[in-house]
Every structure is written in C-alpha cells, then in structure tokens.
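Participant: sequence first, predicted coordinates after that:
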Amino acid sequence: MTDDEAKKFTTDIFESIKKSTTIEDLKKIPDELNVPIKNRMNLNFYPKIKFNIEPGEIHELMENNLIDKEFNFTADLTSRIKDPLTKLLYATLWKNGDLKKIKYIIKGIIDSEKEINDQENALVFYQFGKYLTKTTGQPIIDQHVIRAFALYSSPEKKEFSAIRKLNVLNKKHKSFIHNYKYWFQSENLTNELKMTKDYSYHIDKVLFAVGKTIKISSNKKV
C-alpha cells in the first residue's frame, strides 16, 4: 500500500464513521471497505470491558491503604488479598513486571472528569484509565488509533510515511491525542451515534484495524 493509497483508505474509513448513526453502521465499515481480517481486533485477546471504575472506588482503595498517595499498590497488599481471581490478576502483573504501570491507569481514572495536559509519559495507560470510567468523550487510544487519525488529519503528503511508521506514543504525540479527543467529541460524529451506549468501543475497534493496516515498519520500503 502506497502512502496515497493509505491516505485514501483512511479518509474513506473516517468518512464512513462520520456518517454512522448506529453501532450497526460502525460494525459494517470493516467489511464494506475491505479492512483485512488479520488486522481486526481479536476479541479473544481484547474482549469488551463491561465494567467501569469510578474515582470514588479508587479513593476507597486509598482509604483502605491498598493504594498509596503515589497511586502505587502498597507493600502489604498481597497479604490482604483473599479473592482467588484478584490473586491471579495481581500475580500476572507481577510476573510481567507491570505493577508500576497501574499508577498511570489510576491517575487517568482520578482525572477522568477534567482535561489535564501535564501528563508526559505512559499516555496510553493514562487515557485507558479515563476510558475505564466510561465518561463521555474519553476514548481508548493506542498507537494504531492515533496512527490512523494522524494520517487522516494530516494535509502534508511529506508527513505520510513518517506517520505510518509511528510505533510508540510519547509526549511528542500529545497534539495528535488532543486533536483526536476533540474530533471524538465534535460535530464530526452524528448526535445519534454519540447518544448510543458504547459507541467509543466500536469506533476504537474500527480504527485499531485501520491503524494496523496502514502501518509500515521503519525499514520497509513503500
């Protein structure tokens, strides 16, 4: 796929999203615009999250000394876990070295009802925390979604290739994230769609697949 083909493909996808008024409209887009099945979100790895987490629940954990003021798990947490499912999930985080990542999700949950632009790292986890509250206008972001949005919104052809090589989100990409969230809440989406429960999740599924489809590795020739 050339840069021009990737740009047209991405633009066509976004135009279809903008016209959508129902979840069913969104679900049809990958088939109608021939998004490769191999690039679509695997629901075995990413099943839909049906719960939400409210800031008050985090404050309760802090009051019970399970999370400290820096939003990390406290040292004695493991001696207080009784539920086997919680034990398994904690053990998985521990084994993967991911315990410290939790604080960014927690901070996102705490900040979910306000837009604070001073977050400089772990932007994906921070925004994921905001998404978990299911607050309106707080979508999931990741490299694939932002790659797709950046290519769609960029008017500069000379930037297309670099955008398609975007691999890890960091503070250099904060403007893309900010603009995507603005687009997500703007009149670019129909009011009917924005009033539909879980529309954020279904847009994410579409753009995740688009971003994977247009991606090129840094050493791949187009």
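Facilitator: Looks like it came in fine.
Participant: now the helices for the chain?
Facilitator: Here the chain has its helices, by DSSP state H, at 3-19, 23-32, 55-63, 84-95, 102-110, 123-132, 143-153, 160-164, 174-185, 191-194, 199-214.
Participant: wait, which of these is closest to R40?
Facilitator: Closest approach to R40 among these is made by helix 199-214 (4.4 Å; Cβ to Cβ). No exception for glycine: its C-beta is placed from N, CA and C like everyone else's.
Participant: quick revisit: the helices of the chain: lowest mean pLDDT?
Facilitator: Across the helices of the chain, helix 174-185 has the smallest mean pLDDT, namely a mean of 90.
Participant: that helix packs against which elements?
Facilitator: helix 123-132, helix 143-153 (3 or more Cβ pairs under 8 Å, 6 or more residues apart in numbering; DSSP states H and E).
Participant: turn the helices of the chain into CSV, columns for mean neighbour count and distance to N44.
Facilitator: Below are the helices of the chain laid out as CSV (neighbours: other Cβ atoms under 10 Å; distance: least, Cβ to Cβ, whole Å):
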stretch, mean neighbour count, distance to N44
helix 3-19, 17, 24
helix 23-32, 16, 17
helix 55-63, 14, 28
helix 84-95, 12, 16
helix 102-110, 21, 22
helix 123-132, 22, 19
helix 143-153, 23, 18
helix 160-164, 20, 27
helix 174-185, 16, 27
helix 191-194, 14, 27
helix 199-214, 23, 14
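Participant: so how many other residues sit close to K158?
Facilitator: 8 (other Cβ atoms under 10 Å).
Participant: residue contacts, the nearest residue to Q127 once chain neighbours are set aside?
Facilitator: Nearest residue to Q127, sequence neighbours excluded (Cβ to Cβ, 6 or more residues apart in numbering): I141, at 4.7 Å. Contacts for I141 (Cβ atoms under 8 Å, 6 or more residues apart in numbering) come out as 123-124, 127-128, 169, 177, 180-181.
Participant: how far does stretch 172-187 sit from its chain's centre?
Facilitator: 12 Å (Cα atoms, centre = their mean, to the nearest Å).
Participant: distance of H173 relative to F125?
Facilitator: The gap separating H173 from F125 is 14 Å, by Cβ to Cβ, to the nearest Å.
Participant: now do Y104
Facilitator: With Cβ to Cβ as the criterion, Y104 and F125 are 4 Å apart.
Participant: go on, E159?
Facilitator: When E159 is compared with F125 (using Cβ to Cβ), they lie 27 Å apart.
Participant: next one: the nearest residue to L93 once chain neighbours are set aside, what pLDDT does it get?
Facilitator: Residue nearest to L93 in three dimensions, not counting chain neighbours: L99, with 5.2 Å by Cβ to Cβ, 6+ apart. In this model, L99 is scored at 93, pLDDT.
Participant: ok, now which ones touch the residue nearest to D198 when sequence neighbours are not counted?
Facilitator: Once flanking residues are discounted, D198 sits nearest to I23: 7.1 Å by Cβ to Cβ, 6+ apart. By Cβ under 8 Å, 6+ apart, I23 lies in contact with 196, 198-199, 202.
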